[in-house]
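Student: What would the 3D arrangement of this be:
(2 chains)
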Amino acid sequence: MNLWSSEPLALGKEPFDRGKVVTAAQLEQWEKQGKKSRRYFDADGDGIPYRTLPGNMHRKAAYFTRGSGHDADARYSEDEKDYKETLDRLRHKLDTARKYVPKPIIETSDGAKTGVICFGSSYEPVREARNRLRAAGLKTNHLLLRALPLGEETREFVAAHDRVYLVEQNRDGQMAAVFKEEWPELGSRIASVLIYDGLPATAGEIVRQIKAHEAHLTTGAEEWREKKLIASI
Amino acid sequence: MAGEKVNRIHLTEKDYQGSPSTMCRGCGHDAISASVMRAFYESSVDPRKVIKLSGIGCSSKTPAYFLGQSFGFNATHGRMSAIATGANLANHSLISIGVSGDGDTAAIGLGNFCHMMRRNVNIAYIVENNGVYGLTKGQFSATADKGSVMKGGKVNDIPAIDIAELAITFGATYVARSFSGDRKQLAPLIQGALAHRGAAILDVISPCVTFNNHEGSTKSLKYAKEHLDPIHDVDFIPHHENIEVDYEEGKDQEVVMHDGSRIILHKLGKDYDPSNKMQAIVAIHAAIAEGKFLTGLIYYDPTRPEFIEDLNLCETPLAELGQDMLQPRAEMLDQINAEFMK
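Tutor: Numbering: from 1, shown residues only, chains lettered A, B, ... in the order given. All right, here's what the predicted structure looks like:
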């Protein structure tokens, strides 16, 4: 019972990358070059400062990490200018992260004008739902979202479709709200498919909601309400 | 500076200082910081090998005020124990000192704290215990004694959590209680905690001079001084000091630490054995019943392995292992995959 199998595990091919970590030898080199080590200073313009790791024995390596109440040199500060600079840098860092987080996986169907976006455990029921919709005459392209913050590929996907169904398992359409905050100009293209009945998402429910929305678009609001009412009985 | 006193690794006491304190004048926490600096200096610990951990609260601000050459991590409220456990796993070659308060440890962080002790994580963990939430202007904390009076007159009618008893029960292997103003006792107890391999918990009564120092408080400076009940006087002899001690039969007890350091306990009329867990718990309860603060090395167990030994971790810290050591070889992974398919 409850035994599942996956594809065999594979070794990662990418080398480990801990980011901008500065070693004791590098700090020594910096000192010789007259370059100062500044823990929270945005030296490269990407919002990501260089950091040392505990265990680095260089006398300039240690710093005290706390919330945002510090300056660019990790000194405790209650100065509002320092606080604002820190938050602005973090905003910039988040923007930089858009390029580095895992990219979405896009699957296309010839001639499809409707998009479907999902993430996490909604993927398999969405895959089945797309097959059923195709059989019923509605071809869809699909984007599997794998990370936040949202990146350019996702924006292009939304912009390339007249209508995009965003499938998520909560009552309020939280991910749709993130999309609309990021790209308000694309907000009208996004329709939420929401599953929150406490059970795992099913292809049937996804198909039902998408069909009901499509019917609403093609037959008008009154008839759609009636259909929705019938569907819910 | 020429002629300035240095320790065994040629550092002065100044090398163990941090930023200027922002505590209220006369705060017990500053006195504890002074004992921390003294302990590290006397034990000749290299500050670059130390990590300072804390949570949220007045107490948790204090690691900024000592050991300015050490890495410091101010965790979220009540989560220092979990961060310390992770840091210990990542690099067990570093010496961990945690500073927390009664709110951070005994209220919001209680669950994390218990599990850290259950795992016997190697850390010297100081609870700066003042019985109130000082940062939020003096509400009772979970260690406020029943019957203690708040500054505004409200009487606490809920029994206190005794951190020392809790620590013994949950598996800490070095448990001491002291008073912030008693540097003669506190500094050697901190030295002992640093020499110990395992969870060393020091419950230090540290009066809040602003919100809990009035008549009716059981954590005030006056009350604490009047109700301290030391089990013994404490001396610490670091492993590198080859000092002969003249023991008085039946009066002095020597405790040998993992690194060869020694704690000498000079008994004060009580027949007390800190290796006896049941006696330790009974003694704590007896002191509570008498309204006293039992101080000294209350419990010590050098036999229980620390967390990384239980996990059989390799000698090289995980943080220093390269990809070649951390990633299994291809044939090993094939073998693992094959086992799943049996």
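Student: Name the nearest residue to residue B:149, ignoring sequence neighbours.
Tutor: Nearest non-adjacent residue to residue B:149, counting by C-beta to C-beta, 6 or more residues apart in numbering or on different chains: residue B:216, 3.0 Å away. Any C-beta I mention is one placed from the backbone N, CA and C, and that applies to glycine too.
Student: try residue B:255
Tutor: Residue B:255 sits nearest to residue B:263 (C-beta to C-beta, 6+ apart), 4.3 Å away.
Student: max-length helix in chain B?
Tutor: Scanning chain B for the longest helix, with DSSP state H as the assignment, gives helix B:28-42.
Student: my read is residue B:97 is in a strand, agree?
Tutor: Yes: counting by DSSP: H, G, I helix; E, B strand; the rest coil, residue B:97 is part of a strand.
Student: which residues are in contact with stretch B:258-271?
Tutor: B:43, B:188, B:191-192, B:195-197, B:230-239, B:245, B:247, B:250-257, B:274, B:296-297, B:302 (C-beta atoms under 8 Å, 6 or more residues apart in numbering or on different chains).
Student: just to revisit the earlier point, list the buried residues for whatever helix or strand the residue nearest to residue B:255 lives in?
Tutor: According to DSSP states H and E, residue B:263 maps onto strand B:262-267. Judged by neighbour count using 16 or more other C-beta atoms under 10 Å in any protein chain shown, the buried positions of strand B:262-267 are B:262, B:263, B:264, B:265, B:267.
Student: Okay, the second one and residue A:150: tell me how far apart.
Tutor: In other words, residue B:263. For residue B:263, the distance to residue A:150 equals 58 Å [C-beta to C-beta, to the nearest Å].
Student: per-residue pLDDT, the most centrally placed residue in chain A?
Tutor: Centroid check for chain A by C-alpha atoms, centre = their mean gives residue A:148 as the closest residue, at 2.2 Å. Per-residue confidence (pLDDT) for residue A:148: 97.
Student: all helices of chain A, in order?
Tutor: For chain A, helices defined by DSSP H occupy the ranges A:24-32, A:80-100, A:123-135, A:152-159, A:174-182, A:203-219, A:221-232.
Student: so where is chain A shaky, pLDDT-wise?
Tutor: Within chain A, the ranges that satisfy pLDDT under 70 run A:1, A:218-233.
Student: so how many other residues sit close to residue 84?
Tutor: In the absence of a named chain, chain A is used. Residues lying near residue A:84 (other C-beta atoms under 10 Å in any protein chain shown) number 11.
Student: Actually, chain B is the one I wanted.
Tutor: Number of residues near residue B:84 (other C-beta under 10 Å) recorded here: 27.
Student: check which helix or strand covers it.
Tutor: helix B:80-90.
Student: still on that earlier bit, quick check, the residue nearest to the centre of chain A in contact with residue A:178.
Tutor: Yes: counting by C-beta atoms under 8 Å, residue A:178 is a contact partner of residue A:148 at 7.1 Å.
Student: ok now do residue B:176, which residues does it touch?
Tutor: Counting by C-beta under 8 Å, 6+ apart, residue B:176 makes contact with B:164, B:189, B:192, B:193, B:200, B:201, B:202, B:203, B:295, B:296, B:297, B:298.
Student: Turn those residues into TSV, columns for distance to chain A and secondary structure.
Tutor: Formatted as TSV, the contacts of residue B:176 follow (distance: C-beta to the nearest C-beta, whole Å; DSSP: H, G, I helix; E, B strand; the rest coil):
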residue	distance to chain A	secondary structure
B:164	29	helix
B:189	25	helix
B:192	24	helix
B:193	19	helix
B:200	20	strand
B:201	22	strand
B:202	22	strand
B:203	25	strand
B:295	30	strand
B:296	32	strand
B:297	29	strand
B:298	31	strand
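Student: Closest to residue B:32 out of those residues?
Tutor: Closest approach to residue B:32 among the contacts of residue B:176 (C-beta to C-beta): residue B:202, at 9.0 Å.
Student: Chain A against chain B: which residues are in contact?
Tutor: Chain A comes close to chain B at residues A:5, A:8-12, A:15-16, A:53-55, A:57, A:59, A:61-67, A:76, as judged by C-beta under 8 Å from any C-beta of the partner chain.
Student: of the residues you listed, buried ones?
Tutor: Buried among the residues of chain A next to chain B (16+ other C-beta under 10 Å): A:54, A:55, A:61, A:62, A:63, A:64, A:66.
Student: Nearest spatial neighbour of the first one, chain-adjacent residues omitted?
Tutor: In space, residue A:54 comes closest to residue B:71 once its chain neighbours are excluded; the distance is 4.3 Å by C-beta to C-beta, 6+ apart.
Student: okay but residue A:157 is in contact with residue A:142, surely?
Tutor: No: between residue A:157 and residue A:142 there is no contact under C-beta under 8 Å: 9.2 Å.
Student: the more surrounded of the two?
Tutor: Per other C-beta under 10 Å, whichever of residue A:157 and residue A:142 has more neighbours is residue A:142, with 24 against 20.
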